[in-house]
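> this one's sequence-less:
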């Protein structure tokens, strides 16, 4: 950073602005990370409400962080870059765990619904509708 007077040391205002923007960046990345972990069932809802796993919603948030990483490449300091890289690595691993766990729970739902052949329940289509859609836009 250079000051208008041509000196190479940043002004106090520039340093404060950089620190404020860096804190806002970290806060946004951590917020997205926590929200994604909540959607993947890895973190409880802050109000104690039960959260259903939403892999599609989690994938969107991960995609947004990946876009942010691509668009800010070369413009982040080392701490900001590391925070974003670590968050994405954590989220990708949690996403794989959630997707791997989801098919294991589906047969149990199907078996329970198959046992109730006399009265089909509306939960069968809902359970099938929550499956990840791999072919959409990928």
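Everything's here; your move. Keep in mind it's a predicted model, so treat the numbers as computed, not measured. Numbers count the residues shown, from 1 in each chain.
> Any stretches of this protein with poor pLDDT?
The model of the chain has pLDDT under 70 over residues 1-7, 102-138.
> Which residue ranges of it form helices?
Secondary structure of the chain (DSSP state H): helices located at 12-39, 55-71, 78-115, 123-129.
> For those, give me TSV that also has distance to residue 48 and mean neighbour count.
Yep, even glycine has a C-beta here, placed from its N, CA and C like the rest. Output for the helices of the chain, formatted as TSV (distance: least, Cβ to Cβ, whole Å; neighbours: other Cβ atoms under 10 Å):
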stretch	distance to residue 48	mean neighbour count
helix 12-39	12	14
helix 55-71	20	15
helix 78-115	21	14
helix 123-129	23	12
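> how far away is the nearest residue to residue 54 once chain neighbours are set aside from residue 15?
Sequence neighbours aside, residue 39 is the residue nearest to residue 54 in space, at 4.5 Å (criterion: Cβ to Cβ, 6 or more residues apart in numbering). The gap separating residue 39 from residue 15 is 37 Å, by Cβ to Cβ, to the nearest Å.
> before we move on, the earlier item: quick one, what contacts the residue nearest to residue 54?
The contact partners of residue 39, taken as Cβ atoms under 8 Å, 6 or more residues apart in numbering, are 51, 53-55, 57-58, 61.
> Mind listing residues that contact stretch 62-77?
Taking Cβ under 8 Å, 6+ apart as the rule, stretch 62-77 contacts 22, 25, 29, 32-33, 36, 80, 84-85, 87-88, 91-92, 95.
> one more time with 7 Å, if that's ok
Applying Cβ atoms under 7 Å, 6 or more residues apart in numbering, the external contacts of stretch 62-77 come out as 22, 29, 32, 36, 84, 87-88, 91-92, 95.
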